[in-house]
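Colleague: Task: produce atomic coordinates for the following.
(2 chains)
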Amino acid sequence: MSEHIVPVRVYITIFLALLVGTTLTVMAAFHDFTFHIASVQIQLNTIIALAIATFKATLVVLYFMHVRYSSRLVWVIVASALFWLAILFALTFADYWTRGWLVIG
Amino acid sequence: MTDAPVTTKHIHGHPALQHHFENMEQQREAGTLGMWVFLVTEIMFFGGMFLAYTLYRGMHPAAFASASNHLDITLGAINTAVLILSSFTMAMAVWCTQVGKQQAQILCLVLTLILGLTFLGIKAVEYHDKYVDNLIPGKLIPGRPFNPAVAQEGEPFDKHKLHLVDGAEVRHVELFYWIYFAMTGMHALHMIIGAGLLSVLIYFSIKGRYDPEYHSPVEVTGLYWHFVDIVWIFLFPLLYLLGRHFEH
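Modeller: Modelled structure (predicted):
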């Protein structure tokens, strides 16, 4: 098994996709994506920005960093990073979000 | 008794093959895996700062939006494009090494280094703008504590003044700038280290050390460089773009 060499046109495509993503995220930032459904207000600006950023990061990881063509072991390492990052966020917010729920005294 | 056969292990191996690896393939894969393990620790390191950002932004959304609106979106967007282009040239440098184009490889590495330094230059301009507007948090700069001019109601737009969104407090704007300088500062430090690594790569490329068989240093430096790019891909929208829609 020898090393996979990614064709140059793939790199160019990813590069252009990243530039398009950057343009989209700047354009989206100047638009107010606040929606009202019944009495609930939904603010989507941050979610849209993070979705585009995550998409761009995924392209970089899969193609520029060759993870798509790498061994299973590399996949496990990358997944473990995301998993522990999720623990960091989930447990911290489980604390902060619920602090107001219980009023003692 | 005849002479025992000479058992020099890597007599047919590549000169760069270390004795504890079976072959170049195994050596390269071990290097890539090791770099990924390091990057996991880096993800956790930056993850802590992203966590702090998310928490305090949730607590003080108006102040964070006001502070963010003071950042220069044009410079931020240009820097994003510069960094994406540098990631592309870095990926091309790895590709050129894999297919044995030495001249093109050196050119790609030099371009990557120039783009990295361009990013740092633009970042320095931005930091200077913040310094002029007294936005360096706390008392980090002797004699220039955090003390921005705040625009009053109905006053025309002045880019040197802080325009507060309803409900924003100046001390929470300062909190944003602590996080801004911590995150972009750590990111810039990673860029500086990356520029150092690239300089070493360029030196050894000119000496002709890397070839299709042996190019792990180029590959793993590429992984590092792309990681730093990814951090910026998240920093740019979170720091520069979060409050723009309040202006309209």
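
Colleague: can you give me the helices for chain B?
Modeller: B:24-59, B:61-69, B:73-98, B:102-132, B:170-206, B:216-235 (DSSP state H).

Colleague: how about the fifth one: buried residues?
Modeller: The reference is to helix B:170-206. B:172-181, B:183-184, B:187-188, B:190-191, B:194-195, B:197-198, B:201-202, B:205 (16 or more other Cβ atoms under 10 Å in any protein chain shown). In short, each C-beta sits where N, CA and C put it, glycine included.

Colleague: As a check, name the ranges of all strands in chain A.
Modeller: A:34-37, A:40-43 (DSSP state E).

Colleague: what's the closest of those to chain B?
Modeller: Closest to chain B of the strands of chain A is strand A:34-37 (Cβ to the nearest Cβ; 7.9 Å).

Colleague: Would you mind pulling up the elements that that closest one packs against?
Modeller: Counting contacts by 3 or more Cβ pairs under 8 Å, 6 or more residues apart in numbering or on different chains; DSSP states H and E, strand A:34-37 packs against strand A:40-43.

Colleague: which sections of chain B are below the confidence cut-off?
Modeller: Chain B contains residues with pLDDT under 70 at B:1-12, B:247-248.

Colleague: whoops, chain A was the one
Modeller: Short version for chain A, where the test is pLDDT under 70: A:1-2, A:105.

Colleague: which of the residues in the longest helix seen in it are buried?
Modeller: If you go by DSSP H, chain A has its longest helix at helix A:72-98. In terms of neighbour count (16+ other Cβ under 10 Å), helix A:72-98 has its buried residues at A:74, A:77-78, A:81, A:85, A:88.

Colleague: Relative to the whole chain's centre, how far out is it?
Modeller: Taking the mean of its C-alpha atoms, helix A:72-98 sits 13 Å from the chain's own mean (Cα atoms, centre = their mean, to the nearest Å).

Colleague: What is that helix packed up against?
Modeller: Against helix A:72-98 (3+ Cβ pairs under 8 Å, 6+ apart) you get helix B:24-59.

Colleague: TSV for the helices of chain B, including distance to chain A?
Modeller: Shown next, in TSV, are the helices of chain B (distance: least, Cβ to the nearest Cβ, whole Å):
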stretch	distance to chain A
helix B:24-59	4
helix B:61-69	9
helix B:73-98	4
helix B:102-132	11
helix B:170-206	14
helix B:216-235	5
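
Colleague: now those helices in CSV, with distance to A:I14?
Modeller: Listed next are the helices of chain B as CSV, based on distance: least, Cβ to Cβ, whole Å:
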stretch, distance to A:I14
helix B:24-59, 19
helix B:61-69, 28
helix B:73-98, 8
helix B:102-132, 16
helix B:170-206, 20
helix B:216-235, 11
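
Colleague: So which of the ones you listed is nearest A:L19?
Modeller: Minimum separation from A:L19 across those (Cβ to Cβ) falls at helix B:73-98, 6.3 Å.

Colleague: Out of the helices of chain B, which is closest to A:K56?
Modeller: helix B:216-235 (4.9 Å).

Colleague: Contact partners for residue 90?
Modeller: Just going to use chain A. Contacts for A:A90 (Cβ atoms under 8 Å, 6 or more residues apart in numbering or on different chains) come out as none.

Colleague: oops, chain B please
Modeller: Per Cβ under 8 Å, 6+ apart, neighbours of B:M90: A:64, B:108-109, B:112, B:221-222, B:225-226.

Colleague: For it, give its distance to B:P148.
Modeller: 37 Å (Cβ to Cβ, to the nearest Å).
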